[in-house]
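In: Below are the sequence and a predicted model; questions follow.
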Amino acid sequence: MNLHTHIMNDYMPLLPDYTVAMASGMFAQSTCTHIPVVEDDRLLGLLSEEDVAGFDGEKKISDYLYLLDHFYVRKRTVWLDVLEAFARSNSNIMPVLDAAGEYQGYYELLDLIGLFKETPFLSEQGGVVIVEKGKNDYSFSEISQIVESNNGRLLGAFISDIHEDVAQVTVKVSSSGLNEIIQTFRRYSYNVIAGNEDDAYVEELKKRSKYLDKYLNI
C-alpha cells in the first residue's frame, strides 16, 4: 500500500513568526485539530486548536513553542504504524517527514480509515476467528499454517488484545467453512473466543467505521 500519494498539503504549515490570531483564523477555516509549525522545512511541533483558544492573539507562535505537541511519522512508515501514531496523538492529522527529517506534508485520519476499509480484511467476503494463546506461544506463521492446511486463505490477522500473559488474535479467512479451521486451532492449544461464517464481526467493524466517519465529520 503506497501511502505517499495520500500526503496532503492543502493547509500550509504555520511559521514561528505568525501571530496567534493568524493561527486562530487558519483553524476556523479548517477541520484540523492540529496545525504543524515549520521553520526552514523543519518541523518544530504542532499547535493544537484547544491550546490556541487560551493564547494571547497578539503574541507570536514563537512565544509558545514550549507548548507545542510533538508527533510525526516518516515517509517509510507503514500504514498500520501510521494508524497507531494517530491513536497515540489524539489528532486528525499526522505530519510526514522524509529520511532527512524535512517536512513533506501530512496525512489525514479519514484518508487512512478509508484505506483500511479497502483492505481485503474488510472488503473481501470470508469469516472471522478470534483466538487466544500465551503471548510467548503463538506465532503468525503457525496461524497461517492452520488456515492454509484447511484449504483456507488468510486475508488478515492482527493482535486485538493482550492481557496478562495472553494474546488475542483476530483472523480473517476466505473459506466456505470455518469448522475445520476452528477445530485445528483447538488441537494446537488455541482458545477459540469467537468464530463465525456469516462475517458478522467484520460487518460490525464496518458499522463502527461508519459511525467514526460521521463523528469525524461533525
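Out: Received it, and whenever you're ready, just let me know what you need.
In: what's the spacing between stretch 36-51 and its chain's center?
Out: Relative to the chain's own centre, stretch 36-51 is displaced by 21 Å; criterion: Cα atoms, centre = their mean, to the nearest Å.
In: any idea how far Gly156 is from Ser144?
Out: Distance, Gly156 to Ser144, using Cβ to Cβ, to the nearest Å: 11 Å. In this view, the C-beta of every residue, glycine as well, is placed from N, C-alpha and C.
In: Next: Ser24.
Out: Plainly put, Ser24 is 52 Å away from Ser144 if you go by Cβ to Cβ.
In: Quick check: which helices or strands does whichever strand or helix holds Phe185 pack against?
Out: Applying DSSP states H and E as the criterion places Phe185 in helix 179-187. For helix 179-187, the contact count by 3 or more Cβ pairs under 8 Å, 6 or more residues apart in numbering; DSSP states H and E identifies strand 127-134, helix 140-149, strand 191-196 as packing neighbours.
In: what's the nearest residue to Tyr190 once chain neighbours are set aside in contact with, if anything?
Out: Leaving aside its sequence neighbours, Tyr190 sits nearest to Val131 (Cβ to Cβ, 6 or more residues apart in numbering; 4.2 Å). Contact analysis of Val131 by Cβ atoms under 8 Å, 6 or more residues apart in numbering lists 138, 143, 168-169, 171, 185, 190-193.
In: one more time with 10 Å
Out: 138, 143, 146, 157, 160, 167-171, 181-182, 185-186, 188, 190-195 (Cβ atoms under 10 Å, 6 or more residues apart in numbering).
In: ok, and the closest non-adjacent residue to Val82?
Out: Leaving aside its chain neighbours, Val82 sits nearest to Val73 (5.2 Å; criterion: Cβ to Cβ, 6+ apart).
In: Any idea what that neighbour is bridged to?
Out: Val73 has the following beta-bridge partners by DSSP bridges: Val96.
In: Can you tell me the SS state at the spatially most central residue of the chain?
Out: The centroid of the chain falls nearest to Leu83 when counting by Cα atoms, centre = their mean (1.6 Å). Three-state assignment for Leu83 (DSSP: H, G, I helix; E, B strand; the rest coil): helix.
In: hang on, isn't it packed against Asp111?
Out: No: if you go by Cβ atoms under 10 Å, Leu83 and Asp111 don't touch, sitting 11.0 Å apart.
In: now the strands for the protein?
Out: Using DSSP state E, the strands of the chain run over residues 34-39, 42-48, 73-74, 93-97, 103-108, 127-134, 153-163, 166-174, 191-196.
In: what stretches of the protein score poorly on pLDDT?
Out: For the chain, applying pLDDT under 70 flags the ranges 1-2, 117, 119-124, 175-177, 195-218.
In: Could you chop it up by domain?
Out: 4-114, 120-206 (automatic domain parsing).
In: Can you give me the distance of the closest residue in space to Tyr106 that isn't next to it in sequence to His70?
Out: Nearest residue to Tyr106 in three dimensions, chain neighbours excluded: Ile93, at 4.6 Å (Cβ to Cβ, 6+ apart). The gap separating Ile93 from His70 is 14 Å, by Cβ to Cβ.
In: What of Glu148?
Out: 43 Å.
In: returning to what we had before: the residue nearest to Tyr190 bridge partners, please.
Out: Residues in beta-bridge contact with Val131 (DSSP bridges): Val169, Val192.
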